[in-house]
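K.L.:
Could you work out the structure for the sequence below:
(chains A and B)
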Amino acid sequence: MGVTCVCQVPVAEGKSVQQTVEQLHKKLEQLGAMKQGSFFVDCETYHATSNASGQPSKLLYVMHNSETPLSCLALFEGGPFLTADANFDVLMVKLKSHFQNAKGHKVESRGARYRYCDFLVKVGTVTMSSSARGISVEVEYCACVVPGDCWNLMKEFMQSFLGSSVPELPAVFSSKPEGLFVPTDCMDTMSQYLELFSKVRKQQVLPGSSVR
Amino acid sequence: MADVMNVGVNLEAFSQAINAIQALRSSVTRVFDSLKDGMKNKETLEGREKAFITDFQDNLQSVNRDLNELERLSTLVGRPSESHPLHNSGLLSLDPVQDKTPLYSQLLQAYKWSNKLQYHAGLASSLLNQQSLKRSANQIGASAKRRPKVQPSTLVLPIQYVDDVISRIGRMFPDLSIELFRPNGTSAVLLVTLGKVLKAIVVMRSLFIDRTIVRGYHENVHSEDGKLDIWSKSNYQVFQKVTDHATTALLHYQLPQMPDVVVRSFMTWLRSYIKLFQTPCQRCGRFLQDGLPPTWRDFRTLEAFHDTCRQ
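P.N.:
Residues are numbered from 1 along each chain as shown, chains lettered A, B, ... in the order given. This next block holds a predicted model:
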């Protein structure tokens, strides 16, 4: 598990989501990256139904990542986070009386996975109720585990195929007091995806962009 | 009782204050790191100085910010027990019959003495360590432990001597942790962990380095049966490249008369990889070339270069 950075790439002007994704693929291939299968990340939203204490209820997000196929991650808004076995989903069905699945809120990102030296790049189309909402790019530098060490290096790499839309250092790392100096884990990646998904959810539907 | 309650309330502030201290420490470290690294490669001298100064100012400002934060928090925390600088043992000072049982003042004295003793012992051990090449340092043990120079072959050195040399090197570099194993008989295998960057396995024959392999910090160094895995190479191209360069370094640092100097120079060279992912190439100024960071370190100056930039 290296250092990851997830960011949203704006759709190029006058192009569809699909065309922009293909453009990114082309750039990566020109760089010398090799295609290595595909990936997906999905996220379901649950509402807490019973609310005894009268506080505003937090949302619960249950996420899956093809990189860790045997795990399932549950994240409360603003923490705490939990990593569980894949049959956590079954448990959620049993807990139906406490947590209700918000249908139609399922967001997922699917796409191709590229490897370039020690970098892993995943370009995905973010879809919500079968309409494409945007593009996610995840860059992982597998050889290093400390974000503060290799951030400049990752930025240079991202510049080489994203051009000007290079993101800033993800907030997950900078907000922890010693975040730049401790090893990362897969929760850091997933909270970045969650942030991106909630941004996408609020966004307007792109005109004329249904998937395939 | 009121005291106890107070402490309970302040716990939150305590944890915040601890975090603030951590932040302050890391920002101070950054100041010294940037000072230590000196000026970056820029085209003009002015540009270099300017970048250096702004960097330095930024770092100092962040130190200032963290310090203010800490000061703010420290007022929240309060002092749990003002009269007891030594915590619970401070309760001894409350003893009314001070004159008969001067326990507390004796305790303070003893504390001071042990502090001083520790300080002086530290100084003495660092002084003694510097004399490692002198005859006197080697004569502590049995008489069989001769200087390597005098012996006909440096290939047969007593185990004890090898252990000494290695542990001395380990103490020289605080960011380099060295573990010594002897899986098969007398030959030592070192597992060197460098910061949070890499792990190197160094196979020795007495004090000569036979082979070395470098892997990532989070990669497995043990095989399935729990033994050190000294054969399989790293999964990452960066560390495969570093392994190649380390093998070159083994051939470069050769001094058959003084094998311990060789090991020390090799470790000094290996330690320059602590900033493997942080330093740009000294020639082209970029971080990446063909997807790899500058993996070459000059044998004398320890400057970072890309493999193709070093000629």
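K.L.:
what sits against A:Cys142?
P.N.:
A:1-2, A:118-120, B:235-236 (Cβ atoms under 8 Å, 6 or more residues apart in numbering or on different chains). Every residue, glycine included, has its C-beta placed from N, CA and C.
K.L.:
same thing but at 6 Å, please
P.N.:
A:Cys142 makes contact with A:2, A:118 under the criterion Cβ atoms under 6 Å, 6 or more residues apart in numbering or on different chains.
K.L.:
How about A:Leu82?
P.N.:
Contacts of A:Leu82 by Cβ under 6 Å, 6+ apart are A:Ala74.
K.L.:
quick one: secondary structure of A:Ser38?
P.N.:
strand (DSSP: H, G, I helix; E, B strand; the rest coil).
K.L.:
which residues does it contact?
P.N.:
A:112-113.
K.L.:
Show me what the helix or strand B:Val214 falls within is in contact with.
P.N.:
Using DSSP states H and E, the element containing B:Val214 is strand B:208-216. Contact partners of strand B:208-216, identified using Cβ under 6 Å, 6+ apart, comprise A:143, B:198-203, B:234, B:236, B:239, B:242-243, B:246, B:250, B:259.
K.L.:
Compute the distance between B:Asp307 and chain A, please.
P.N.:
13 Å (Cβ to the nearest Cβ, to the nearest Å).
K.L.:
so the nearest residue to that residue once chain neighbours are set aside bridges to which residues?
P.N.:
Nearest residue to B:Asp307, sequence neighbours excluded (Cβ to Cβ, 6 or more residues apart in numbering or on different chains): B:Trp296, at 5.4 Å. Beta bridges link B:Trp296 to B:Phe305, judged by DSSP bridges.
K.L.:
got a list of what B:Trp296 touches?
P.N.:
B:Trp296 sits in contact with B:245, B:305, B:307, B:310, where contact means Cβ under 6 Å, 6+ apart.
K.L.:
Over to the first one: give its phi and psi.
P.N.:
In terms of degrees, to the nearest 10, the main-chain angles of B:His245 are phi -70, psi -40.
K.L.:
give the contact list for it.
P.N.:
By Cβ under 6 Å, 6+ apart, the neighbours of B:His245 are B:Trp296.
K.L.:
if you set the cut-off to 7 Å instead, what comes out?
P.N.:
Contact analysis of B:His245 by Cβ atoms under 7 Å, 6 or more residues apart in numbering or on different chains lists B:295-296.
K.L.:
can you map out the helices along chain B?
P.N.:
Per DSSP state H, chain B carries helices over the ranges B:2-37, B:45-77, B:103-130, B:135-138, B:159-172, B:237-252, B:259-271.
K.L.:
what inclination does the third one have with respect to helix B:159-172?
P.N.:
Looking back up the chat, that one is helix B:103-130. 110 degrees (axes from the mean of the first three to the mean of the last three Cα atoms, to 10 degrees).
K.L.:
Quick one: mean pLDDT for helix B:103-130?
P.N.:
The average pLDDT for helix B:103-130 rounds to 89.
K.L.:
buried ones in it?
P.N.:
B:104, B:108 (16 or more other Cβ atoms under 10 Å in any protein chain shown).
K.L.:
Go ahead and measure how far that helix is from the middle of the chain.
P.N.:
24 Å (Cα atoms, centre = their mean, to the nearest Å).
K.L.:
Alpha carbons of the helix or strand containing A:Ser198, as PDB, please.
P.N.:
Under the criterion of DSSP H and E, A:Ser198 resides in helix A:186-202. Included here for helix A:186-202 are C-alpha records, laid out as PDB according to Å, rounded to 0.1, in the frame of the first residue of the first chain:
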ATOM      1  CA  CYS A 186      -6.300   2.000   2.600                       C
ATOM      2  CA  MET A 187      -8.600   4.100   4.700                       C
ATOM      3  CA  ASP A 188      -6.900   7.200   3.500                       C
ATOM      4  CA  THR A 189      -7.600   6.300  -0.100                       C
ATOM      5  CA  MET A 190     -11.300   5.500   0.600                       C
ATOM      6  CA  SER A 191     -11.900   8.700   2.500                       C
ATOM      7  CA  GLN A 192     -10.500  10.600  -0.600                       C
ATOM      8  CA  TYR A 193     -13.000   8.700  -2.800                       C
ATOM      9  CA  LEU A 194     -15.800   9.500  -0.400                       C
ATOM     10  CA  GLU A 195     -15.000  13.200  -0.500                       C
ATOM     11  CA  LEU A 196     -14.900  13.000  -4.300                       C
ATOM     12  CA  PHE A 197     -18.200  11.100  -4.500                       C
ATOM     13  CA  SER A 198     -20.000  13.600  -2.200                       C
ATOM     14  CA  LYS A 199     -18.700  16.400  -4.400                       C
ATOM     15  CA  VAL A 200     -20.100  14.600  -7.400                       C
ATOM     16  CA  ARG A 201     -23.400  14.000  -5.800                       C
ATOM     17  CA  LYS A 202     -24.000  17.700  -5.200                       C
END
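K.L.:
Show me which residues of it are buried.
P.N.:
Across helix A:186-202, burial judged by 16+ other Cβ under 10 Å covers A:188-194, A:196-198, A:200.
K.L.:
Retrieve the pLDDT associated with the most centrally placed residue in chain B.
P.N.:
The C-alpha lying nearest the average C-alpha coordinate of chain B belongs to B:Asp175 (Cα atoms, centre = their mean; 1.5 Å). Looking at B:Asp175, its pLDDT stands at 89.
K.L.:
Give me the phi and psi angles of it.
P.N.:
Dihedral angles (degrees, to the nearest 10) for B:Asp175: phi -90, psi 10.
K.L.:
And it, how far from chain A?
P.N.:
13 Å.
K.L.:
pretty sure that residue contacts B:Lys196?
P.N.:
No - contact between B:Asp175 and B:Lys196 fails when scored by Cβ atoms under 7 Å: they sit 9.6 Å apart.
K.L.:
Out of the buried residues of helix A:186-202, flag the one nearest to B:Leu255.
P.N.:
A:Asp188 (46.0 Å; Cβ to Cβ).
K.L.:
Skipping its backbone neighbours, what lies nearest that closest one in space?
P.N.:
A:Val172 (4.9 Å).
K.L.:
in the stretch 1-150 of chain B, which segments are predicted with low confidence?
P.N.:
Along the stretch 1-150 of chain B, segments meeting pLDDT under 70 span B:1-9, B:42, B:78-87, B:94-99, B:131-150.
K.L.:
Within range of chain A, give me the residues from it.
P.N.:
Counting by Cβ under 7 Å from any Cβ of the partner chain, the stretch 1-150 of chain B comes close to chain A at B:19, B:22-23, B:26.
K.L.:
Just confirm B:Met39 contacts B:Thr54, I think it does.
P.N.:
No - between B:Met39 and B:Thr54 there is no contact under Cβ under 7 Å: 11.8 Å.
K.L.:
and those two? which has more neighbours close in?
P.N.:
A count of neighbours by other Cβ atoms under 10 Å in any protein chain shown puts B:Met39 above the other of B:Met39 and B:Thr54, at 15 against 10.
K.L.:
Could you check which residue of chain A lies nearest chain B?
P.N.:
Per Cβ to the nearest Cβ, A:Cys117 is where chain A lies closest to chain B, at 2.9 Å.
K.L.:
other SSEs contacting the least confident helix or strand in chain A by mean pLDDT?
P.N.:
One helix or strand of chain A scores below all others by mean pLDDT, DSSP states H and E: helix A:171-175, with a mean of 80. The contact analysis (3 or more Cβ pairs under 7 Å, 6 or more residues apart in numbering or on different chains; DSSP states H and E) places helix A:171-175 against helix A:186-202.
K.L.:
How is chain A partitioned into domains?
P.N.:
As recorded under automatic domain parsing, the domains making up chain A are A:3-40+A:109-188, A:41-101.
K.L.:
Any buried residues in the least confident helix or strand of chain A, and which?
P.N.:
Quick answer for helix A:171-175 (16+ other Cβ under 10 Å): A:172-173.
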